[in-house]
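**Q** The sequence isn't on hand, but the structure is:
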């Protein structure tokens with residue numbers, strides 16, 4: 001119950017943040033994330049989750065003081081997802097496209113023990129999507145942590161976009177056969193390093209902390225407005241309802257930000273959908289008329 005209360009509280013704050021930033025201009029080339037679409041905190045560590053710090057503590061560059069042996073730890077710099085926590089982020093009104101090499105880099109506060117030279121890692125799996133419904137997960141190895149975020153220390157004094165010494169874990173969407181994406185989902189899986197004491201990254205501490213997000217740098221960001229939100233006149237959205245009035249047959253599909261279908265309607269003419277029982281958050285409306293598909297975001301607040 002407590003976990004769900006936290007989730008709704010944070011999503012409500014995130015929705016207000018999205019509305020406030022609605023007139024933000026599109027980004028060009030390099031960019032840090034500036035939008036949180038959803039956040040479901042896990043159990044254990046709650047550092048950096050309060051409105052005093054979040055979401056600003058994950059926007060912008062990695063902590064400058066971070067190094068191979070000294071991790072970022074201040075709540076103003078790092079958000080702890082908690083065990084099994086999940087966050088979906090992106091760049092407002094823009095998409096990340098496939099360029100040369102890695103397309104985005106995730107910075108966690110992994111660090112190396114000076115005495116043992118062993119890296120303290122809190123891994124997360126990463127999935128990406130263009131429409132917010134269909135996600136493609138990067139393959140990863142639970143033993144080596146290849147393909148995970150959260151295993152490489154950060155060098156806060158380096159250029160987060162171009163310097164190979166900057167650290168962090170890079171991801172190439174081209175490896176998934178994708179040309180562009182808009183949503184990046186990061187899900188804590190730090191418990192994989194606690195299942196076996198012989199695991200190369202074994203640490204009992206990971207059982208109570210979980211993945212800590214410092215920053216996310218996007219190397220290739222479009223110059224125009226992303227076309228995911230093609231609003232249409234025959235759909236009107238309000239805080240407690242969605243109204244449709246179409247002279248043609250239509251199919252309406254509504255998804256939450258985890259990609260779950262929560263509403264599906266086939267109709268013609270006037271149709272009213274009550275959202276009174278929906279949780280506060282961001283939803284995706286997909287409307288199919290003939291061979292045309294249009295998509296827009298709906299903010300429940």
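**A** Alright, I've got the coordinates. Remember, predicted model here, so these are calculated numbers, not experimental data. Residues are numbered from 1 along each chain as shown.
**Q** so where's the stretch 151-300 of the chain shaky on pLDDT?
**A** 205-208, 223-233, 291 (pLDDT under 70).
**Q** quick one: the strands in the stretch 1-150 of the chain?
**A** 29-32, 35-40, 79-80, 86-90, 96-97, 104-108, 111-112, 119-120, 124-129, 136-137 (DSSP state E, counting those that start in this stretch).
**Q** if we compare the ones you listed, which one ends up closest to residue 251?
**A** Closest approach to residue 251 among those is made by strand 124-129 (20.7 Å; Cβ to Cβ). For every residue, glycine as well, the C-beta is placed using N, CA and C.
**Q** Could you tell me the angle between the closest one and strand 104-108?
**A** 150 degrees (axes from the mean of the first three to the mean of the last three Cα atoms, to 10 degrees).
**Q** Taking strand 86-90 as reference, get the angle to strand 124-129.
**A** Using the same axes, to 10 degrees: strand 124-129 against strand 86-90 is 40 degrees.
**Q** Tell me the helices and strands packed up against strand 124-129.
**A** strand 104-108, strand 136-137, strand 183-188 (3 or more Cβ pairs under 8 Å, 6 or more residues apart in numbering; DSSP states H and E).
**Q** Pipe the ones you listed into a markdown table and attach distance to residue 244 and mean neighbour count per row.
**A** Output for those, formatted as a markdown table (distance: least, Cβ to Cβ, whole Å; neighbours: other Cβ atoms under 10 Å):
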| stretch | distance to residue 244 | mean neighbour count |
| --- | --- | --- |
| strand 104-108 | 36 | 28 |
| strand 136-137 | 30 | 14 |
| strand 183-188 | 25 | 24 |
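**Q** In CSV, list those along with distance to residue 46.
**A** Shown next, in CSV, are those (distance: least, Cβ to Cβ, whole Å):
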stretch, distance to residue 46
strand 104-108, 17
strand 136-137, 26
strand 183-188, 13
